[in-house]
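Participant: Fold the stuff below for me.
(one chain, ligands or ions: 1)
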Amino acid sequence: MLVATYAERPDLASRLGELEDVWPEFIHHASLNRHWPRLREEFPDFQLVLYDDETDTLMGRGQTVPFRRDGTWADLPDGVEGVMQRVFEEGGEPTTLSALVAVVGPQFQGRGLSRLVIEGMRELAARQGLDALVAPVRPTLKARYPPTPIERYLTWRRADGELFDPWLRVHERLGAEILGVCPGSLVVTGSVGEWEQWTRMAFPDSGAYVVEGALVPVEIDREHDRGRYVEPNVWMRHPV
Ligand SMILES: CC(C)(COP(=O)(O)OP(=O)(O)OC[C@H]1O[C@@H](n2cnc3c(N)ncnc32)[C@H](O)[C@@H]1OP(=O)(O)O)[C@@H](O)C(=O)NCCC(=O)NCCS
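Facilitator: The predicted model follows:
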């Protein structure tokens with residue numbers, strides 16, 4: 001099993017289409033996606049592939065970007081959306097590495113491989129002389145509890161003391177600490193028709209709707225023909 005950057009292994013980066021899509025359709029319409037292609041073009045040293053060289057199988061990816069952190073740890077940009085804005089619209093000499101996404105292909109999940117991706121990100125931060133790896137973590141089981149405020153959800157722990165959410169738990173186990181909530185880490189807006197198409201649901205009234213794969217309800221406004229989803233994530237910091 002190896003973790004390599006796109007710059008080190010362009011041959012593997014060009015095979016990323018082999019990874020199965022893991023996202024609900026609406027995520028593909030997030031406003032931050034406008035920046036996504038630039039990561040590959042401008043930051044190939046900060047994008048990772050997870051690859052099994054024995055079986056020649058692409059198993060996952062981990063994407064990060066270095067950004068300028070101003071102020072305290074409590075004063076980070078607003079999650080993935082905020083980091084992208086800072087990097088691509090404001091600039092500045094980078095100080096800190098931000099994780100943006102980690103994916104393990106569905107057929108390879110549940111084998112502890114995510115750890116390799118996070119460790120790979122941490123190594124990148126160290127190698128590039130950055131002061132920490134921070135991650136706007138998308139808690140994977142939150143989608144089953146959409147009405148619960150994320151501030152409460154992130155405090156839930158199991159009887160053994162470990163965090164309830166499996167993905168927050170993996171980060172904590174690797175030494176990360178929770179810094180707080182980033183309320184608008186990913187934003188998706190569209191017409192009511194687009195939302196109906198993305199979710200295969202009908203939204204006859206204005207109001208909040210629980211949608212499969214969404215961490216919080218989607219707000220539908222029929223009068224203005226608009227649906228809006230604002231996804232909160234949880235900032236965590238790994239020492240490097
Ligand atoms: C999140 C993700 C990267 C985790 O990768 P993974 O290699 O499957 O994770 P692991 O095998 O290391 O498992 C991590 C923990 O989650 C638990 N877990 C895995 N799948 C689970 C599920 N469907 N329900 C509940 N817990 C689950 C595991 O038991 C493990 O917890 P434990 O060690 O306490 O038992 C992977 O599921 C994924 O790519 N998901 C889709 C994309 C995503 O949500 N990425 C994260 C946000 S960017």
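
Participant: Surely L186 is in a helix?
Facilitator: No: counting by DSSP: H, G, I helix; E, B strand; the rest coil, L186 is not found in a helix; it is strand.

Participant: ok, it - contacts?
Facilitator: Taking Cβ atoms under 8 Å, 6 or more residues apart in numbering, we find L186 in contact with I27, A30, L32, G79, V80, E81, R138, Y229, V230, E231, N233. Using the backbone N, CA and C atoms, a C-beta is placed for each residue, glycine as well.

Participant: Likewise for G184?
Facilitator: Contacts of G184 (Cβ under 8 Å, 6+ apart): D78, G79, E81, G82, V230, E231, P232.

Participant: now these as JSON lines including secondary structure and distance to the ligand?
Facilitator: What follows is the contacts of G184, written out as JSON lines (DSSP: H, G, I helix; E, B strand; the rest coil; distance: Cβ to the nearest ligand atom, whole Å):
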{"residue": "D78", "secondary structure": "coil", "distance to the ligand": "16"}
{"residue": "G79", "secondary structure": "helix", "distance to the ligand": "11"}
{"residue": "E81", "secondary structure": "helix", "distance to the ligand": "13"}
{"residue": "G82", "secondary structure": "helix", "distance to the ligand": "15"}
{"residue": "V230", "secondary structure": "strand", "distance to the ligand": "17"}
{"residue": "E231", "secondary structure": "strand", "distance to the ligand": "11"}
{"residue": "P232", "secondary structure": "strand", "distance to the ligand": "13"}
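
Participant: and the residues you listed as CSV, adding neighbour count?
Facilitator: Putting these into CSV (neighbours: other Cβ atoms under 10 Å) gives the following:
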residue, neighbour count
D78, 21
G79, 27
E81, 22
G82, 19
V230, 17
E231, 25
P232, 23
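
Participant: Mind jotting down where the helices sit in the protein?
Facilitator: With DSSP state H as the criterion, the chain has helices at 10-13, 36-42, 79-85, 114-127, 150-153, 166-173, 192-199.

Participant: quick one: low-confidence ranges for the protein?
Facilitator: Within the chain, no range satisfies pLDDT under 70.

Participant: near the ligand, which residues of it?
Facilitator: 22, 101-104, 109-115, 138, 140-141, 166-167, 169-170 (Cβ under 6 Å from any ligand atom).

Participant: mind redoing it with 5 Å?
Facilitator: When proximity is defined as Cβ under 5 Å from any ligand atom, the chain approaches the ligand at 22, 101-104, 109-110, 112-114, 138, 140, 166-167, 170.

Participant: List buried residues within those residues.
Facilitator: Taking 16 or more other Cβ atoms under 10 Å as the criterion, what is buried in the residues of the chain next to the ligand is V101, A102, V103, V104, L113, S114, R138, T140, W167, V170.

Participant: dump the residue contacts of the first one.
Facilitator: For V101, the set of contacting residues under the criterion of Cβ under 8 Å, 6+ apart consists of R61, G62, Q63, V80.

Participant: top of the residues you listed by neighbour count?
Facilitator: V80 (27 neighbours; other Cβ atoms under 10 Å).

Participant: thought that residue was touching N233?
Facilitator: Yes: judged on Cβ atoms under 8 Å, V80 makes contact with N233 at a distance of 7.0 Å.
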